[in-house]
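Novice: Got a sequence here, can you model it:
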Amino acid sequence: MKKLLTTLLVVISLISCSGDDGIADLFVPNLSNQWESNRDTFFFFTADERDVNESTLTGNEQNNLGDIHNFTGRFKDYDIEFTFLEGPEKEVKYTGKFIKDSNPLTIKVTGTNGKKLEITQRLNN
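Specialist: Take a look at the predicted model:
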């Protein structure tokens with residue numbers, strides 16, 4: 001029975017890794033650098049695990065007045081979500097995606113408050 005279960009798990013693993021929904025969809029985002037948003041604020045992200053396609057993260061949004069609002073979240077491949085821990089959007093959860101092949105890397109998310117947010121990585125020159 002154990003051998004059958006092991007064989008079945010290997011077969012399922014091979015099937016799930018083949019085709020369009022397998023390895024080709026793995027995405028390891030580079031969260032470094034400062035990010036700029038379409039609401040004239042700056043975002044900073046720190047993944048709890050580096051160089052992986054899935055991790056929890058922490059970060060903050062800073063406005064031009066110096067206000068900083070922390071959030072926590074996670075990402076898996078192109079999917080990302082984060083929830084503010086404080087500030088005017090406390091407990092607002094944003095969910096969305098990294099935009100495939102965007103250069104610089106861009107994130108588009110929508111909050112539980114209905115607000116859309118676009119965040120673009122600001123690359124160091």
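Novice: My read is that D48 contacts E54, right?
Specialist: No: contact between D48 and E54 fails when scored by CB atoms under 8 Å: they sit 10.4 Å apart. In short, each C-beta sits where N, CA and C put it, glycine included.
Novice: Compare those two and say which is more crowded by neighbours.
Specialist: Set side by side, D48 and E54 show more neighbours around E54, with 14 against 11, by other CB atoms under 10 Å.
Novice: Model confidence for the more buried one, exactly?
Specialist: Listed pLDDT for E54 reads 98.
Novice: do the same with T6
Specialist: T6 carries a pLDDT value of 46.
Novice: which secondary structure element contains the most centrally placed residue in the chain?
Specialist: The residue lying closest to the centre of the chain (CA atoms, centre = their mean) is I80, at 3.1 Å. Assigning secondary structure by DSSP states H and E places I80 in strand 79-84.
Novice: That'll do, ta.
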